[in-house]
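# The sequence and its predicted three-dimensional model are supplied below.
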Amino acid sequence: MSRTVTRHVTGVVAILVSAAVFLVPFAFIVMQSFKTGPDSASLEFNWPIDFVLWQNIVSVFQTRDYMLITAFVNSTILTVLSVTIMVVLSAMIGWVLARRSSRWNPLITFFILAGLIVPPAIVPTAWVMQSLGIFNTIFGLALIEVAYGMSFCVLLFRAFVSNIPRELDEAAAIDGAGPLRLFFRIGFPLLRSVIVTAIVVQSVAVFNDFANPLYFLPGEENATVQLTLFNFQSQFQTTWNLLFTDILLITIPPLVMYIFFNRQIVAGMTSGAIKG
Amino acid sequence: MYPLWFLLPGAAIFIVLFIVPTFASFYYAFTRWTLFDVEFIGFDNFVTFFTDPQLSKGFTNTLIFGALTAGLKVVLGLLIGVLLTSEIWARGYLRAVVFFPVLVSTVGVGITFQALLDPFDGVINQTLAVFGIDGPGWLTDPNLALYSIIGVDVWRGVGLAALIYMAGLVAIPQEYYEAAKVDGASGWHRFWNITLPLVRPATTTVVILSLIGGLREFQLIWVMTGGGPGFASDVLASVIYKQYAYGFFGLSTAGNVVLFVVVSAIILPLFWWLNRKQTEL
């Protein structure tokens, strides 16, 4: 009897604490985005006096000549481009690393771990990009995201490939498939579930990235969505209602991804994270 | 069947944009480097780094930030993980809610907490006022700013830690617990002698991931305080950005090298030690 009581009490306490700690900040964001400017300035956690979410959305989009639209386009191109390159190239690397034992493997593993651990050297990277003519371009930033995200993806793919039976490859090879066909027709489809995980995790990371665009994409015409948040904050005044409307708007894409792939992310992350 | 040239396209990007800049940084850290020219000045940048109190503050803050965030994520992540793998009410809701912050961008989280932690109007201090407590200036008090950001970073990252622990916890065979129960072990004993040793791989992952992230953290600090007030919450990563923005490229790169050494000196031995312990079990 007392055990069930403890369980119920723990349940109630957990729900209350989680609501206070995790839900209040989100409720606050939503609440502020409904408010008018003066109403939001007090930063209070109260019911909006007037509900002006739609007007707020319109003004957020209009700010600085529709900068948010440019930013959404930029962020989308950046995310799609970098994640596509990253996933295809990392899958190829993970595939070969798991299947073929070569004397290069320890060295490659070393570089993969270095990629996870070593903080990127900012100025020399900008200098290399400048000499390649890709500094301050979306394409250049996409390659940066590829370089920084690849280690994680390769680890994920390598762990997963070692669980796929080799017999499938052998059968395909006997049927006359070359390495490229073998990988893209047999390997890639088998990797589907972990590919989805990699895509979701890296898309959210690239879309939410703020530091790299700040370093490698100076200039308004190249802004990504995270940088638009600074439109509403100046040294003297912050328009909180528009700021929170902007936060709300740019959280929608990651949220949609999460809702669609919830189970997949959890399963893929945990299998990769523990083995990695 | 598995040609080595599969590695080449990825390797090319990685070498050009990651390895080459890293090696170049070992040279440029020893220079006075502006947009126009490079002058070799030996260890001067490093001397500046460790003698200028504003810069050396970033060094100690980096260590505090990394150690505290990793420690708190391990303890809280394990507690939440245990709670959410037990038969608790509303488990699905709790799991979703704890993981939710991972989806919001760091900038979004930083700005939200800037508002919540506002000393006068913020929700947190207003709530404290209801209980008659005079809340401090979480982000404006130099003695407190860094710790407030640490709290927010834990809030943001604990969901991921809990998730990793949950995966480790469900992999522990139930027979161990049943056997221990038969032998009359208390709940605490079972946790200490079965759960804790057997979730060790998860602990390793959480420690390593949070330390790497914590020692390199830039975004949250930059958004919430910009390293301020004064230099109270500056870490190496924010110092590197400031020197970069001011155009002191050599000094900024020296900061990168210091960060590189700090991260490697902590992570590599720890990695080796944690993995060695694991195989002994």
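Perfect, I can see it now. Numbers count the residues shown, from 1 in each chain, chains lettered A, B, ... in the order given.
# Going by C-alpha atoms from here, please, whenever you check contacts or count neighbours.
Will do.
# Up against chain A, what does the stretch 51-200 of chain B have?
B:88-90, B:94, B:97-98, B:101, B:103-108, B:112-113, B:115-116, B:121-123, B:163-164, B:167-168 (Cα under 8 Å from any Cα of the partner chain).
# which non-adjacent residue is nearest A:Leu81?
A:Ala142 (6.4 Å; Cα to Cα, 6 or more residues apart in numbering or on different chains).
# is it true that A:Ala126 touches A:Pro218?
No: the criterion here is Cα atoms under 8 Å, and A:Ala126 misses it with A:Pro218 at 11.2 Å.
# Mind checking which of these two has more residues around it?
Taking other Cα atoms under 10 Å in any protein chain shown, A:Ala126 and A:Pro218 do not tie; A:Ala126 has more neighbours (19 against 13).
# For the more buried one, which residues are in contact?
With contacts defined as Cα atoms under 8 Å, 6 or more residues apart in numbering or on different chains, A:Ala126 is in contact with A:Phe135, A:Phe216.
# Quick check, the residue nearest to A:Leu81 in contact with A:Ser82.
Yes: the pair A:Ala142 / A:Ser82 is scored as a contact, 4.6 Å apart, by Cα under 8 Å.
# quick one, helices of the stretch 1-150 of chain B?
With helices called from DSSP state H, counting those that start in this stretch, the stretch 1-150 of chain B shows them at B:8-14, B:20-28, B:44-51, B:53-85, B:91-99, B:106-116, B:123-130, B:145-170.
# swap in the stretch 1-150 of chain A?
So, for the stretch 1-150 of chain A - with DSSP H, counting those that start in this stretch - the helices run A:2-18, A:24-34, A:37-41, A:53-99, A:105-117, A:122-132, A:138-161.
# In JSON lines, list the ones you listed along with mean pLDDT.
Output for the helices of the stretch 1-150 of chain A, formatted as JSON lines (pLDDT from 0 to 100):
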{"stretch": "helix A:2-18", "mean pLDDT": "83"}
{"stretch": "helix A:24-34", "mean pLDDT": "91"}
{"stretch": "helix A:37-41", "mean pLDDT": "84"}
{"stretch": "helix A:53-99", "mean pLDDT": "92"}
{"stretch": "helix A:105-117", "mean pLDDT": "91"}
{"stretch": "helix A:122-132", "mean pLDDT": "93"}
{"stretch": "helix A:138-161", "mean pLDDT": "93"}
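# Kindly compare burial across the ones you listed and name the winner.
helix A:138-161 (a mean of 23; mean count of other Cα atoms under 10 Å in any protein chain shown).
# Convert it to CSV, retaining C-alpha atoms only.
The C-alpha atoms that make up helix A:138-161 are tabulated as CSV, following Å, rounded to 0.1, in the frame of the first residue of the first chain:
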residue,chain,number,x,y,z
ILE,A,138,26.6,29.9,-48.3
PHE,A,139,28.5,27.2,-50.2
GLY,A,140,31.6,27.8,-48.1
LEU,A,141,29.7,27.7,-44.9
ALA,A,142,28.0,24.5,-46.0
LEU,A,143,31.4,22.9,-46.5
ILE,A,144,32.4,24.1,-43.0
GLU,A,145,29.4,22.5,-41.5
VAL,A,146,30.3,19.3,-43.4
ALA,A,147,33.8,19.3,-42.1
TYR,A,148,32.7,19.9,-38.5
GLY,A,149,29.7,17.5,-38.5
MET,A,150,31.3,14.6,-40.4
SER,A,151,33.1,12.9,-37.5
PHE,A,152,29.9,12.4,-35.6
CYS,A,153,28.2,11.0,-38.7
VAL,A,154,31.0,8.6,-39.6
LEU,A,155,31.0,7.1,-36.0
LEU,A,156,27.2,6.7,-36.3
PHE,A,157,27.5,4.9,-39.7
ARG,A,158,30.5,2.8,-38.8
ALA,A,159,28.7,1.4,-35.7
PHE,A,160,25.6,0.6,-37.8
VAL,A,161,27.4,-0.9,-40.8
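# what helices or strands is that helix leaning on?
helix A:53-99, helix A:105-117, helix A:192-208, helix A:211-216, helix A:240-275, helix B:8-14 (3 or more Cα pairs under 8 Å, 6 or more residues apart in numbering or on different chains; DSSP states H and E).
# do that again at 7 Å, thanks
helix A:53-99, helix A:105-117, helix A:240-275, helix B:8-14 (3 or more Cα pairs under 7 Å, 6 or more residues apart in numbering or on different chains; DSSP states H and E).
# ok so, going back, ChimeraX command to pick out the buried ones of the residues of the stretch 51-200 of chain B next to chain A?
Buried subset of these, written as a ChimeraX selection, criterion 16 or more other Cα atoms under 10 Å in any protein chain shown:
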select /B:88,89,94,97,98,101,103,104,105,106,107,108,112,113,115,116,121,122,123,163,164,167,168
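# Flag every residue of chain A that's near chain B.
Contact residues (Cα under 7 Å from any Cα of the partner chain) of chain A with chain B: A:7, A:11, A:22, A:42-45, A:89-90, A:92-93, A:96, A:100, A:117-121, A:123-125, A:128, A:143-144, A:147, A:179, A:208, A:210-211, A:226, A:247, A:251, A:254-255, A:270, A:273-274.
# Let's see that with 6 Å instead.
With Cα under 6 Å from any Cα of the partner chain as the criterion, chain A meets chain B at residues A:11, A:43, A:89, A:92-93, A:96, A:118-119, A:121, A:124-125, A:147, A:179, A:208, A:247, A:251, A:270.
# Would you map out the domains in chain B?
Using automatic domain parsing, the domain ranges for chain B come out as B:1-42, B:58-280.
# Tell me which of these is the most buried.
Scoring the domains of chain B by mean count of other Cα under 10 Å, the most buried comes out as domain B:58-280, with a mean of 19.
# Name the nearest residue to residue 59, sequence neighbours excluded.
Just going to use chain A. That would be A:Leu242: by Cα to Cα, 6+ apart, it lies 7.5 Å from A:Ser59.
# that's the wrong chain, I wanted chain B
B:Leu236 (5.7 Å).
# Could I get the pLDDT score of A:Leu248?
Looking at A:Leu248, its pLDDT reads 93.
# ok, it - contacts?
Going by Cα atoms under 6 Å, 6 or more residues apart in numbering or on different chains, A:Leu248 touches no other residue.
# how much space is there between it and A:Phe230?
14 Å (Cα to Cα, to the nearest Å).
# what's the answer for A:Thr70, then?
Taking Cα to Cα, one finds A:Thr70 at 15 Å from A:Phe230.
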